[in-house]
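**Q** Using only what follows, build the 3D model:
(chains A and B)
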Amino acid sequence: MNKKKIFSPKTLTEYHELYSKIENSKIIIFAGGTDLMVGKEELPEDAVFVSLSELEELKGIEKKGDTIIIGPSSTLNEILHSPVIQEELLILIQAIRTMASEQVRNRATIGGNIGNASPAGDTITPLVVLGASLTIFSPRTATERNISFSEYFCGPCANTLDNGELITKIIIPIPLKKMKCYFRKVGQRNAMTITKASLSCFAEIDNDEILDIRLAAGSVSPTVRRLIKTEEFLKHKTISERTVEEAKRILEKEISPITDIRSTKAFRELLTKNLLGDCLRSILLYEQ
Amino acid sequence: MNIKCNINGKSVSFEAEPLDRLLDILRDTLGLTGTKEGCGEGECGACTVFMNNKLVNSCLVPAMHLQDADIVTIDGLRDFDFFTSITQSYEENGAVQCGFCTPGFIMSTIELLRKSNGKVLTDDEVKSVFAGNICRCTGYDKIIKAVRQLLHTNIEIPKRFYE
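**A** Prediction:
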């Protein structure tokens, strides 16, 4: 059995001091471990683990001015049961309800979901339409910087973090109450399933006119990102069946799904278009 | 590393590698074989235990997170009255067939009884807690019937499961 090197810094300062000893190794950040424990034997022999369980600075959920700051070590269930999140970020609640199981949600963290950077990461599409950003700690210089999700992703399950860098905060602007939100995920079944396609949306409507709209789809592109062209088309439109059909055609060109074990490319395309139709009809045409 | 924690009400101490699974520690180091390994990937729920009063898959919990933790496994439930009520209801409703998933289902049943707190839950609420437990024999109907029966009787879950 191979022995793994593991460090559990208690503060970011301690992590900075420790870093010079491990900077030349492949560093694996270990949060809840629900993904890592499954394939732990296949990880590189010389990998060094940095466990976040004792890093208190990364825990907690708080409202600060007009933002909500989520500590990345918050578990999915802590977020689901947080009164602040229930009050202000319904779309995140809707997304987390579709994730994993009670057992896994008690361990899995939101930072882990973002850190994995999977195109199917179910906390990511809501965070993208919420306009969330991340604070990143660099252990080499002991400094923090902010990045948006568009700067953060660089491919399927790949992010732009340097070796050993940590997400320390997830910063979410509180959406206006009049914004309507939509989240829907389609998978093989309701629980314990990985997304075939999902859609998150925020929109501001006045007299059936879309004043503003933000859309992001999961599992249908190499990374989760805003569907800018579809958004542009929909802005200042009044929703009719014709607009819905036209928006679907634009959406189709904006996504690039693949065929994999969970779905075919064609099915994912159809699914995402139908989700857009469902979204527009349900939140825009009818009063919620 | 040396780990000290509380398992089924007893303080225990053992040597483990940081990434050793709680499941293996329970079964191989401590001889508590009530907890079963099904998929080993957190999908099937056969290895479900309580950790600090939260339902977890013991196959996904590394030893390094166990320092000072409070663990309750199926082996620790024998002396509680509510455990007898649960097993009786399972037996009466034919909710046990091969029995392999049962220890995990019983842990989730306790979570359901805690959640209901005297209220009768809908089938959907019951199903949402059982979503992390897989049973390939019963088709779930009998398990849900057993839980329904329990929800209609007044079962007290001891305080130690709430703290």
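
**Q** which residues does residue B:51 contact?
**A** A:106, B:22, B:58, B:61, B:69, B:70, B:71 (CB atoms under 8 Å, 6 or more residues apart in numbering or on different chains). The way it works is simple: take the backbone N, C-alpha and C, and place the C-beta from them, glycine included.

**Q** can you list those residues in JSON lines and add neighbour count?
**A** Output for the contacts of residue B:51, formatted as JSON lines (neighbours: other CB atoms under 10 Å in any protein chain shown):
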{"residue": "A:106", "neighbour count": "25"}
{"residue": "B:22", "neighbour count": "28"}
{"residue": "B:58", "neighbour count": "27"}
{"residue": "B:61", "neighbour count": "27"}
{"residue": "B:69", "neighbour count": "16"}
{"residue": "B:70", "neighbour count": "16"}
{"residue": "B:71", "neighbour count": "25"}
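
**Q** What ranges in chain B fall below the confidence cut-off?
**A** Low-confidence segments of chain B, defined by pLDDT under 70: B:162-163.

**Q** Check whether the top helix by length along it comes into contact with chain A.
**A** If you go by DSSP state H, chain B has its longest helix at helix B:102-116. Yes. Against chain A, helix B:102-116 shows contacts by CB under 8 Å from any CB of the partner chain at B:108, B:111.

**Q** Which of the contacts of residue B:51 sits closest to residue B:83?
**A** Nearest to residue B:83 among the contacts of residue B:51, counting by CB to CB, is residue B:71 at 16.2 Å.

**Q** what kind of secondary structure is the closest one in?
**A** Assigned with DSSP: H, G, I helix; E, B strand; the rest coil, residue B:71 falls in the strand class.

**Q** hey, where'd the helices end up in the chain?
**A** I went with chain A, as the question did not name one. Counting by DSSP H, the helices of chain A are A:12-22, A:76-80, A:83-88, A:90-97, A:102-105, A:110-116, A:124-129, A:149-152, A:228-234, A:241-254, A:265-279.

**Q** that's the wrong chain, I meant chain B
**A** Taking DSSP H as the test, the helices found in chain B are B:22-24, B:81-92, B:102-116, B:123-130, B:141-152.

**Q** Let me know the angle separating the third one from helix B:81-92.
**A** I take that to be helix B:102-116. 120 degrees (axes from the mean of the first three to the mean of the last three CA atoms, to 10 degrees).

**Q** CA-only coordinates of helix B:102-116 in PDB, if you can.
**A** What follows is helix B:102-116, C-alpha atoms only, in PDB (Å, rounded to 0.1, in the frame of the first residue of the first chain):
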ATOM      1  CA  THR B 102     -30.500  -3.300   5.200                       C
ATOM      2  CA  PRO B 103     -27.900  -1.900   7.600                       C
ATOM      3  CA  GLY B 104     -27.600   1.200   5.400                       C
ATOM      4  CA  PHE B 105     -31.400   1.500   5.000                       C
ATOM      5  CA  ILE B 106     -31.800   1.300   8.800                       C
ATOM      6  CA  MET B 107     -29.400   4.200   9.300                       C
ATOM      7  CA  SER B 108     -31.400   6.300   6.700                       C
ATOM      8  CA  THR B 109     -34.600   5.200   8.400                       C
ATOM      9  CA  ILE B 110     -33.300   6.700  11.700                       C
ATOM     10  CA  GLU B 111     -32.600  10.000   9.800                       C
ATOM     11  CA  LEU B 112     -36.200   9.900   8.400                       C
ATOM     12  CA  LEU B 113     -37.600   9.400  11.900                       C
ATOM     13  CA  ARG B 114     -35.500  12.300  13.200                       C
ATOM     14  CA  LYS B 115     -36.700  14.500  10.300                       C
ATOM     15  CA  SER B 116     -40.400  13.600  10.700                       C
END
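
**Q** just checking, what packs against that helix?
**A** Packing contacts for helix B:102-116, counted by 3 or more CB pairs under 8 Å, 6 or more residues apart in numbering or on different chains; DSSP states H and E, involve strand B:48-51, strand B:54-57, helix B:81-92, helix B:123-130, helix B:141-152.

**Q** still on that earlier bit, which positions in the longest helix of chain B come out as buried?
**A** Across helix B:102-116, burial judged by 16 or more other CB atoms under 10 Å in any protein chain shown covers B:102-113, B:116.

**Q** what sits against the residue of the stretch 1-150 of chain A found nearest chain B?
**A** Using CB to the nearest CB, the closest approach of the stretch 1-150 of chain A to chain B is made by residue A:101 at 2.6 Å. Taking CB under 8 Å, 6+ apart, we find residue A:101 in contact with A:191, A:192, B:42, B:45, B:131, B:132, B:133.

**Q** Present the residues you listed as a markdown table; the columns should include distance to residue A:228 and neighbour count.
**A** Putting the contacts of residue A:101 into a markdown table (distance: CB to CB, whole Å; neighbours: other CB atoms under 10 Å in any protein chain shown) gives the following:
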| residue | distance to residue A:228 | neighbour count |
| --- | --- | --- |
| A:191 | 33 | 20 |
| A:192 | 33 | 20 |
| B:42 | 36 | 28 |
| B:45 | 41 | 29 |
| B:131 | 35 | 20 |
| B:132 | 37 | 26 |
| B:133 | 42 | 28 |
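
**Q** between the buried residues of helix B:102-116, which is nearest residue A:92?
**A** For the buried residues of helix B:102-116, the closest approach to residue A:92 (CB to CB) belongs to residue B:111, at 22.9 Å.

**Q** The closest one contacts residue B:56, correct?
**A** No. Counting by CB atoms under 8 Å, residue B:111 does not reach residue B:56; the two are 10.8 Å apart.

**Q** Which residues of chain B lie near chain A?
**A** So chain B meets chain A at B:17-19, B:21, B:40-43, B:45, B:48, B:51, B:54-57, B:59-62, B:64-65, B:108, B:111, B:128-129, B:131-133 (CB under 8 Å from any CB).

**Q** so where's the stretch 1-150 of chain A uncertain?
**A** Scanning the stretch 1-150 of chain A for pLDDT under 70 picks out A:1-3.

**Q** Residues of it that sit close to chain B?
**A** Residues of the stretch 1-150 of chain A that fall close to chain B, judged by CB under 8 Å from any CB: A:1, A:3-4, A:6, A:8, A:30, A:33-34, A:37-38, A:40, A:49, A:51, A:53, A:77, A:100-104, A:106-107.

**Q** how about 7 Å then?
**A** Residues of the stretch 1-150 of chain A lying close to chain B (CB under 7 Å from any CB of the partner chain) are A:3-4, A:6, A:8, A:33-34, A:37-38, A:40, A:51, A:53, A:101-104, A:106-107.
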